[in-house]
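> Generate coordinates for the sequence data below:
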Amino acid sequence: MLVPETKSSYYSDGLLEEAVQENRRKLEQEPDNHMLRCSLANGLLRLGLFGEAIEHYKKCIEASSSAEYWNNLGKALLNAGQYQEAIEAFNQVISRHNWPDAHYYMGLAYRSLNQLDMANEQLLEAIRINPKYREALNERAHILEALNRTDEAMIEYKKIIALFFAEYQANEAEMYSYEMSVLLDNDELVEELIRQLRRYIQKFPGFADGYYKLGQALEAKGLQNEAMMAFRRALEINPSYETARKCFWKR
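Numbering: from 1, shown residues only. Now for the predicted structure:
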């Protein structure tokens, strides 16, 4: 499995490869520089060279057994499919710092081992530490569904929706980023999305993406005419919004 990325790389693939080669060159000159070695390992991980990244993270830990290095090693092991070893690494993190990320990724490892109850426990702990941890909420909802605990899963999904729309209260609309397509398959969740999106565009009437996503939700609800009007409004605000244009003209 691949660990979900919370941030995109600043490098294109080509530039990332160049950065890795430069780190290799520098590391030959400074073999005891564990910070440089960690930077190399991070690049290798992004390139999918998991085995080599793991070896470099282990050397980093030999030089400095920090929670950060153990966490990086755990994610590399998780990507490499070495789930039990990843769990051991994340336990090392937690013994140093009770980071919610370590619990979240340990939950992913347990899920990959099909130990869903253990996965649920770890995700609950991540959410207890950070109640706004969207990825952990979403992953826990999926696991609850797999455990046939549908009502509890629905509660978690509704929490995710609430978090999507809470940010605009403190941030400018242009800083607001969210993805909601995974929530469009359930009628109850779609209704909640429509309600929240309408509130959102009342506050930010000039934000094209709000109308575009409202159009998506209305379309999922079967309200085709209202969806078309929302897509059209997104285009009026931003005539270059190509995705909204395709949605509008496909009808």
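
> Got the confidence number for the residue lying farthest from the centre of the chain?
Relative to the centre of the chain, and counting by CA atoms, centre = their mean, the farthest-placed residue is residue 29 at 36.2 Å. Listed pLDDT for residue 29 reads 89.

> Check the one 10 residues further on too.
Residue 39 is assigned a predicted lDDT (pLDDT) of 87.

> Could you give the number of residues near it?
When neighbours are defined as other CB atoms under 10 Å, residue 39 has 19 of them. For glycine as for every other residue, the C-beta is placed from the backbone atoms N, C-alpha and C.

> is it true that it touches residue 23?
Yes. Using CB atoms under 8 Å, residue 39 is in contact with residue 23, at 5.5 Å.

> who touches both of those two?
Common contacts of residue 39 and residue 23, defined by CB atoms under 8 Å, 6 or more residues apart in numbering, are absent altogether.

> Distance check, the residue farthest from the centre of the chain against residue 23.
Distance of residue 29 to residue 23, given as CB to CB, to the nearest Å: 11 Å.

> Same check on residue 160?
From residue 160 over to residue 23 the distance is 37 Å, taken as CB to CB.

> what do you get for residue 91?
From residue 91 to residue 23 the distance is 29 Å (CB to CB).

> what do you get for residue 45?
Counting by CB to CB, the separation of residue 45 from residue 23 is 12 Å.

> What mean pLDDT does stretch 188-200 get?
For stretch 188-200, the mean confidence score works out to 79.
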